[in-house]
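Novice: here's my sequence, what's the structure:
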Amino acid sequence: MIRPGSRTIVLPLIAVCLLVLGACSATMPRAAVTDATPVWSDGNGYVWLEPAENGARNDHPAEIPADVLRESLSALRMETRPGERQDHALSAFAGDEVLTEGMLERLAEPLSQALARARPDQDVVFSVRGFRSSTWSSYVGRDVVTSARLFHDDLGLQLVVGEINTELDTDYRYARGPEAVATGQVPVPHGSRGRAASGRWQLLEAAGIKRHDGNGQPRHDWVRIDPSATLVGIRPDAATPAPVTDEYGTRERLRLLREMYEEGLIPEDVYRRRVEQIAEEI
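Specialist: Predicted coordinates:
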C-alpha cells in the first residue's frame, strides 16, 4: 500500500525506470530491422542474406562456383568520378581493382554459398576488409572496407556497390557488423537499388561488365556482370576481353604524380620510376 505523500517519490522513480528501459531497448540488436541470415562473419568481414529491397524478386537460388565468382569480380575496375580529386594516400588511380586479391580470397566461397542458399525474395550483402597500398610503395598503406549488394536476376549477376576504400573502424567485427547496422549505429553501407551511393569513385565498363541504366542515366555504383564474358583462364572457350582505352586515366595518373612530387610527398627517384612505368603501358 502506498502511503499518502509517498506518491511524490514513487512516480518519479517509475518515470526513471521507464526511461532506462527505453534506452536499453534502443541499444539492443534489432534483428528484425535487417532480418539478416549470416552466411560468413569474422574479423575480416561478413556475408549475409536479407530481404530484397522494395519487394524485388530475384532468380535465386543461383549456382555460381566460387572460382567463377572470383574471376568475374576480379575484373571490376574503378576510377575517380569527373570533377573529383583522387585520394593521394592510396593507390586509387583510374583502372584500379574494386576488390583486392585479399578481399576476393575471403569473399569468393561465402558469396557462392550465399547465392546458392538465397530465396527469390532475398539479396546477398557483404562487407570486407582489405589492405590498400600507397601510391609510392606496396608496403605502405592502410586497411579499408568495401561493401556491396549482390543478386542474380533475369538480366544476370547484379552488383550494387555502397562504399569503396572506407577507412577501417577500430573494431571491424562489431562496429560494421549486422548488429551495428540493425541498431542504427552506422549507416547501411551496402548499395541500394533506389539510391545511388555517394563517393568520389565510379565503376568502369569492360567486357562482360555493363552499368545499370537507372531512369535513363547510367548508375556509377551499379553494374551487370556476365561471368561468361569476364572469365579468363577458367573456360577455354571464354571470349578474350577487349582492351580498354585508358587515355584519360593515363593523363590523370601523370598529373597526380607530378602534384605529389611537387608537394614533396614522393622523392624524385620514385617519381621518375613511376612515370617510366606508366610510359611503358602506353
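
Novice: list the buried ones in stretch 149-169?
Specialist: Residues of stretch 149-169 classed as buried by neighbour count (16 or more other Cβ atoms under 10 Å): 149-153, 156-166. Glycine gets a C-beta too; all of them are placed from N, C-alpha and C.

Novice: so what's the residue count around Arg272?
Specialist: If you count neighbours by other Cβ atoms under 10 Å, Arg272 ends up with 12.

Novice: ok, it to Leu254 distance?
Specialist: 12 Å (Cβ to Cβ, to the nearest Å).

Novice: where does the stretch 151-282 of the chain have low pLDDT?
Specialist: 169-188, 230-253, 260, 265-266, 270, 281-282 (pLDDT under 70).

Novice: any chance you could map the strands in it?
Specialist: With strands called from DSSP state E, counting those that start in this stretch, the stretch 151-282 of the chain shows them at 156-167, 201-203, 209-214, 217-225.

Novice: now those as a markdown table including distance to Ser74?
Specialist: Converted to a markdown table, those look like this (distance: least, Cβ to Cβ, whole Å):
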| stretch | distance to Ser74 |
| --- | --- |
| strand 156-167 | 13 |
| strand 201-203 | 14 |
| strand 209-214 | 11 |
| strand 217-225 | 11 |
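
Novice: out of those strands, nearest to Leu49?
Specialist: Evaluated over those, closeness to Leu49 peaks at strand 156-167, with 15.1 Å, by Cβ to Cβ.

Novice: strand 217-225 and that closest one, what's the angle between them?
Specialist: Strand 156-167 runs at 110 degrees relative to strand 217-225, counting by axes from the mean of the first three to the mean of the last three Cα atoms, to 10 degrees.

Novice: strand 156-167 pairs with which strands, parallel or anti?
Specialist: Here strand 156-167 is paired, per DSSP bridges, with strand 141-153 (antiparallel), strand 217-225 (antiparallel).

Novice: can you list the ones you listed in JSON lines and add distance to Ala108?
Specialist: Formatted as JSON lines, those follow (distance: least, Cβ to Cβ, whole Å):
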{"stretch": "strand 141-153", "distance to Ala108": "12"}
{"stretch": "strand 217-225", "distance to Ala108": "14"}
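
Novice: ok, the nearest residue to Leu115 once chain neighbours are set aside to Gly216 distance?
Specialist: What sits nearest to Leu115 in space, not counting adjacent residues and going by Cβ to Cβ, 6 or more residues apart in numbering, is Ala62, at 4.4 Å. Note on Ala62: its distance to Gly216, by Cβ to Cβ, is 28 Å.

Novice: so for the two, which residue has more residues nearby?
Specialist: More neighbours surround Ala62 than the other of Ala62 and Gly216, with 19 against 5 (other Cβ under 10 Å).

Novice: report the secondary structure state of the more buried one.
Specialist: Put simply, Ala62 is coil when judged by DSSP: H, G, I helix; E, B strand; the rest coil.

Novice: next, it: phi, psi?
Specialist: phi -120, psi 120 (degrees, to the nearest 10).

Novice: shouldn't it be in contact with Pro120?
Specialist: No. The criterion here is Cβ atoms under 8 Å, and Ala62 misses it with Pro120 at 10.1 Å.

Novice: that older thread, quick one, what contacts the residue nearest to Leu115?
Specialist: Counting by Cβ atoms under 8 Å, 6 or more residues apart in numbering, Ala62 touches 115-116, 118, 152, 157.

Novice: next, give me the two most distant ones among these.
Specialist: Taking Cβ to Cβ as the measure, the contacts of Ala62 span a maximum distance of 13.3 Å, between Ala116 and Leu157.

Novice: hey, what's in contact with both of those two?
Specialist: The contact sets of Ala116 and Leu157 overlap at 62, 64 (Cβ under 8 Å, 6+ apart).

Novice: show me where the stretch 1-150 of the chain dips below the pLDDT cut-off.
Specialist: 1-34, 85-95, 134-141.
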